[in-house]
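Undergrad: pasting the sequence and the predicted coordinates here, then a few questions.
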Amino acid sequence: MAVHSAAVRRSRRWLTVALTAALAVGPGTFPTPALAGNAHLPRPGDRQLTVGGPGVLLDLTGPATLGFQASAGQRLTVLAQRRTLTADDNTDLTIVRDGATVAEGTLIVTWASASVDFTAPAAGAYTVRISPRAAKERGTLLVSLVGASSGTLALRGPSRTVTIAKAGERAILTFPATAGQRLTLVARRGTLPKDEYTNLDIHNPSGELNTSGAVGYDSDYRTLDFDVTETGRHTVEVNPDTDGTGTLTVQLTGSVTAVLTPGKPARITFTQPGERAFVTFRAAESEQFRLTAHPGTLTTAENIQLKVRTPAGLDVVDATLTTAEPTATLSFSSSAGTYTIEIDPEGLDTGTLTLDLSRLP
């Protein structure tokens, strides 16, 4: 599906949170530079945070530290919410373990809160250092430690409701996939606030980001198309951009495949919202073709994108089916090989669409 430009806007969370830890990590992936002195080491008198527990209200007159315990691989978020803290300058948040920075972020002067997401690299004690940049910064700041809920998705299975129960919480969903699959993640807003973005990131089994987007104030749903390049268990991270709580439904769908024969119209059926179709046909060198596409029960309330690709994967012709122009006719010449027609409904409609391919004299 086409992702609107607003959906790929970098969220406020990720603009200010410079993570040094990836979502999925393996041995050796965290930097371990030693920090000068012992300023970032746990202190015996540090007040302690607990995952999902009540926050600690700090009355700041300068830098402060908090401690917490984490297990290896635990996905956590440190949430700092301004109460009476003045906003003369930014306030920096740093999470440290054994003298190494795990993650860091900034509470900007114009914001009421900031969150730092990270994955704990090892079990043990951690320190949160809060550092107001302004020397005369005064006031209270509520700091909390939040975990992440987890769940699974099944290809072509039912939608799953994700509940963000606490401010700053994330949700982590996993699903198995095989290299070569063409999939789509469909996310629909439930009761999560509409005034900001809910970010969606899909990671490969190795932790590499495959694709990302967001459900924003401009739309109540988002579809993320992606090609699976690595076999294994993939991860979807659902991460609200604000302190809001509520629900979002997520569903994983595949793609429709078919073979088209010139002179024999084919009806393509979309049975799940978010599906794409990939229709192939064989062509000889320098043949002339005309392709006609028109919807049957598939509506054009949302645009339907159609592209014809060469055997090398290059777009040769394309069209957009709309309410004003629901039928498209494309003419093109071919090289030898297998061509692919991709049909991509931008909305969540289901139904049929007919393709008619003919050779020209």
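TA: Right, received. Where do you want to start? Just so it is clear, the model here is predicted, and its values are computed rather than measured. Numbering: from 1, shown residues only.

Undergrad: for the rest of this, base every contact and every neighbour count on C-alpha atoms.
TA: Will do.

Undergrad: let me see the contact set for the residue lying closest to residue 309 once chain neighbours are set aside.
TA: Once flanking residues are discounted, residue 309 sits nearest to residue 315: 4.4 Å by Cα to Cα, 6 or more residues apart in numbering. Residues counted as contacts of residue 315 (Cα atoms under 8 Å, 6 or more residues apart in numbering) are 307, 308, 309.

Undergrad: how near is the last one to residue 335?
TA: Just to be clear, that refers to residue 309. 11 Å (Cα to Cα, to the nearest Å).

Undergrad: for the second one, same thing?
TA: Between residue 308 and residue 335 the distance is 13 Å, computed by Cα to Cα.

Undergrad: pick out whichever of the two has more residues nearby.
TA: residue 308 (23 against 16; other Cα atoms under 10 Å).

Undergrad: that one pairs with what?
TA: Beta-bridge partners for residue 308, by DSSP bridges, are residue 317, residue 341.

Undergrad: can you tell me which of the contacts of residue 315 is nearest residue 327?
TA: residue 307 (13.7 Å; Cα to Cα).

Undergrad: for that closest one, report the pLDDT, please.
TA: We have a pLDDT of 98 for residue 307.

Undergrad: that one: neighbouring residues, count only.
TA: Neighbour number of residue 307 under other Cα under 10 Å is 18.

Undergrad: if I look at it, how far off is residue 339?
TA: Applying Cα to Cα to residue 307 and residue 339 gives a distance of 10 Å.

Undergrad: equivalent analysis for residue 112, please.
TA: Counting by Cα to Cα - residue 112 and residue 339 are separated by 53 Å.

Undergrad: tell me where the stretch 201-350 of the chain has strands.
TA: Taking DSSP state E, counting those that start in this stretch, the strands of the stretch 201-350 of the chain run over residues 209-215, 221-227, 232-240, 246-253, 255-259, 266-270, 276-283, 288-295, 304-309, 315-321, 328-333, 337-345.

Undergrad: these into TSV, with extra columns for distance to residue 182?
TA: Output for the strands of the stretch 201-350 of the chain, formatted as TSV (distance: least, Cα to Cα, whole Å):
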stretch	distance to residue 182
strand 209-215	12
strand 221-227	5
strand 232-240	13
strand 246-253	9
strand 255-259	6
strand 266-270	15
strand 276-283	9
strand 288-295	22
strand 304-309	16
strand 315-321	18
strand 328-333	25
strand 337-345	11
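
Undergrad: can you say which of these is nearest to residue 141?
TA: Closest among the strands of the stretch 201-350 of the chain, using Cα to Cα: strand 232-240, at 20.8 Å.

Undergrad: so which bits of that closest one are buried?
TA: 234, 235, 236, 237, 238, 239, 240 (16 or more other Cα atoms under 10 Å).

Undergrad: now swap in stretch 314-334 and tell me
TA: For stretch 314-334, the neighbour count (16+ other Cα under 10 Å) marks 318, 319, 320, 321, 322, 326, 327, 328, 330, 334 as buried.

Undergrad: beta-bridge partners for residue 269, please?
TA: Under DSSP bridges, the beta-bridge partners of residue 269 are residue 352.

Undergrad: and it, how many residues sit next to it?
TA: Other residues near residue 269 come to 20 when the count uses other Cα under 10 Å.

Undergrad: cool, and residue 198?
TA: The tally of other residues near residue 198 (other Cα under 10 Å) stands at 25.

Undergrad: distance of residue 306 from residue 191?
TA: Applying Cα to Cα to residue 306 and residue 191 gives a distance of 33 Å.

Undergrad: and those two? which has more neighbours close in?
TA: residue 306 (19 against 14).

Undergrad: how about the closest residue to that one other than its chain neighbours, what does it touch?
TA: With sequence-adjacent residues excluded and distances taken as Cα to Cα, 6+ apart, residue 306 is closest to residue 343, at 4.7 Å. Neighbour list for residue 343: 276, 277, 278, 304, 305, 306, 307 [criterion: Cα under 8 Å, 6+ apart].
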